[in-house]
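Visitor: Sharing a sequence plus its predicted fold:
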Amino acid sequence: MSNAQQVLAQICAVPPRVEKPLTKVSGLAAIRLARPNLSKAVNFFLDFGLICIHNDGNLALLRGTADKTVSVIIERGASRYLGLSLVVDSYEELERLAVVHKVSIADNHPLRGGQSVILKDPDNLMVEVIYGATPLPSLISTEAVQINRPEHITRINRTVRLDYNHPPRIFRLGHTVLGVTHFAKTLAWYQQNFGFIVSDFQMMAEDSVPVVAFMRCDRGDTPTDHHTIAIGSAVEIGHLHTAFELTDMDAVVAANVILKKRQHHHTWGIGRHILGSQIFDYWRDSYGDMFEHYADGDVFDAGIKTGYHQFDGEALHQWGPAVTADMAGKIPSLQLVKTVISRLRDSTQDDLSFKRLINLIRAAG
Ligand SMILES: [Fe+2]
């Protein structure tokens, strides 16, 4: 750990992991959305590379080729991000959550199978935890390009020809990122209930409460995604973005060409992140929610220690175009301005002090 990292680690007021969490979730199963027009909503996700396995006009279920359960659940209603769905590997863990949170265990939709409990996080966001979902069969994924490196030639007598007519198929759901009102309280809630380990914190100078935490599942010696959930002390609370994994960088590029050709809203990319290292490309769906394509992200086992970093909006990526205004949230909507004003008024109940807000805006560039 560098000296700068050590200083941040010393002032950090929240722990990177807890000793005895209630459960240890094994992954993110799904996100749940509401949309007024399911066909319109589904069309975006088909262009994005997901496969629709059910749409009756009131409920749509989509998946990637390697998703074991449906990973996007869309119900008809006013447009919003309803919440997320996590997986536990034992019924005992589901029972423990039900007892502690005083909720009942319910059967899932027959197309998902298994059972679930529904909890509310400190911002009242729905967090569903599922067990025993019927595993979906693996489907054929978009083939990875064989890479020739100077000292490691793997593609002989064969060419590379990308398909720019059909969207590359999404491999699986990766992570979801939330803007939260009470950073420390929300972090503790996710750690204590689900065993999340913070892979990296981002902090602002002279502020002991971090502004971003990238959290991975505790799978012991088994490597897992650098982050399955990330939370940020953001101006806008709720869903910031959700990311889906593609086979490789060529698939991210091919998807970019197709989504642009089909006139979807491009937000930022293509580039390579620093924390998590993945190659990224960000888009917005027809309802303004942000979704990421990524490939080649970091995987850590539970032994890797937490990183502590200075928060800097420009230090998001190693290469790629400059952060766009759309990505940095520098185009405030009237609703956003109203939200900020009401949150500043209520700053005793909220992490968003005036100082923090100014620092966030400065850091966003
Ligand atoms: Fe992401």
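Guide: Right, received. Where do you want to start?

Visitor: So, low pLDDT: which residues of this structure?
Guide: When residues are selected by pLDDT under 70, those of the chain lie in 313-314, 330-365.

Visitor: In it, which residue sits closest to the ion?
Guide: A243 (4.2 Å; CB to the ion). Where C-beta positions appear, they are placed from N, C-alpha and C, glycine not excepted.

Visitor: number of nearby residues for the nearest residue to that residue once chain neighbours are set aside?
Guide: In this structure, A243 finds its nearest non-sequential neighbour in E292, 3.8 Å apart by CB to CB, 6 or more residues apart in numbering. Other residues within reach of E292, judged by other CB atoms under 10 Å, total 23.

Visitor: Check which helices and strands the helix or strand encompassing E292 sits against.
Guide: Assigned by DSSP states H and E, E292 belongs to strand 290-295. Strand 290-295 is packed against strand 238-245, helix 249-261, strand 279-284, with contacts defined by 3 or more CB pairs under 8 Å, 6 or more residues apart in numbering; DSSP states H and E.

Visitor: Surely the residue of the chain closest to the ion and H175 touch.
Guide: Yes - applying CB atoms under 8 Å, one finds A243 in contact with H175, separated by 5.0 Å.

Visitor: strand partners of the strand holding E292, parallel vs antiparallel please.
Guide: strand 238-245 (parallel), strand 279-284 (antiparallel) (DSSP bridges).

Visitor: Spell out which parts of this protein neighbour the ion.
Guide: A243, E292 (CB under 5 Å from the ion).

Visitor: make it 6 Å
Guide: H175, V177, H241, A243, E292 (CB under 6 Å from the ion).

Visitor: Including distance to D163, could the residues you listed go into JSON lines?
Guide: Formatted as JSON lines, those follow (distance: CB to CB, whole Å):
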{"residue": "H175", "distance to D163": "26"}
{"residue": "V177", "distance to D163": "30"}
{"residue": "H241", "distance to D163": "26"}
{"residue": "A243", "distance to D163": "22"}
{"residue": "E292", "distance to D163": "21"}
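
Visitor: Please check those and keep the buried ones.
Guide: Among those, those classed as buried by neighbour count (16 or more other CB atoms under 10 Å) are H175, V177, H241, A243, E292.

Visitor: how about the fourth one, what does it touch?
Guide: It refers to A243. L173, G174, H175, T176, V177, Q278, F280, F291, E292, H293, Y294 (CB atoms under 8 Å, 6 or more residues apart in numbering).
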